[in-house]
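J.: The sequence and its predicted three-dimensional model are supplied below.
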Amino acid sequence: MLVETPVVLFIVAALTAIVLLLLMVLLNQTQKKSSNSNNASKNLENLRKYLLVDPVTSAYNQAFLAKKIEEELYRSARYNAQFTMAIFDFSKLLEKLDDDTSVSVFRKNVISAVRDTRYSDFVATLDDFKLAVLFTMTQRSSSEVPINRLLHKFEEVLKQDGIDKTPELKVLSFPEDKADIEKLIKELKE
């Protein structure tokens, strides 16, 4: 027969508390699993956003840019419209800086570009310190003003870090540069 001493009562109470705690943990995990299945589509949507957009600069990645260029090609063919793309190459300006400084300077310029472009345009980072801006429904001549404004802004930002040059610029327009644009799409997808 079990003797009811304070020590035995304490041990029984402790074991009961442990069992109740384990049951609460199991119940909590079960609720999380059902909650997770309900929120799976929301989590997937958030994941897609982070895969498409750099959380630091808010610029799109090159896979998203390739998709957007393809969409612009279809839209341009459908509506007989034009679009222009500017690629700013910062690699030669940043090659003499250490890695952390290069990344920091490039990010400042990307953030500047994101802030200074129209809502309908897309700013994307590419490999090797390149930045692309897709000017939708915009002829080459109409894109000169925003491109020059970006170059001026980059010059200001770079001067803050002691760099007195601007990035190299390559401009592609549809339909004039269709072959180069299609080649760029293939490179972006690789």
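T.: It's in. Everything numeric in this text was worked out from a predicted model, so none of it was measured. Numbering: from 1, shown residues only.
J.: right, and the helix or strand after the helix or strand of the chain with the lowest mean pLDDT?
T.: Least confident helix or strand, the chain: helix 40-52 with a mean of 61, by mean pLDDT, DSSP states H and E. With elements assigned by DSSP states H and E, the helix or strand that comes after helix 40-52 is helix 62-79.
J.: same for that next one, what does it pack against?
T.: On a contact count with 3 or more Cβ pairs under 8 Å, 6 or more residues apart in numbering; DSSP states H and E, helix 62-79 meets strand 83-89, strand 122-126, strand 130-135, strand 168-174, helix 178-189. From N, CA and C alone the C-beta is placed, and that goes for glycine too.
J.: can we see that at 10 Å?
T.: Contact here means 3 or more Cβ pairs under 10 Å, 6 or more residues apart in numbering; DSSP states H and E; on that basis helix 62-79 packs against helix 40-52, strand 83-89, strand 122-126, strand 130-135, strand 168-174, helix 178-189.
J.: which one of the ones you listed lies closest to Lys153?
T.: For the helices and strands packed on helix 62-79, the distance to Lys153 is smallest for strand 83-89, at 10.7 Å, taking Cβ to Cβ.
J.: Go ahead and produce PDB holding the CA coordinates of the very next helix or strand once past the closest one.
T.: Once the chain leaves strand 83-89, the next helix or strand it forms, by DSSP H and E, is helix 91-94. Presented in PDB, the C-alpha positions along helix 91-94 are these (Å, rounded to 0.1, in the frame of the first residue of the first chain):
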ATOM      1  CA  SER A  91      31.300  46.800 -62.000                       C
ATOM      2  CA  LYS A  92      34.300  48.900 -63.200                       C
ATOM      3  CA  LEU A  93      33.500  51.700 -60.700                       C
ATOM      4  CA  LEU A  94      33.400  49.200 -57.800                       C
END
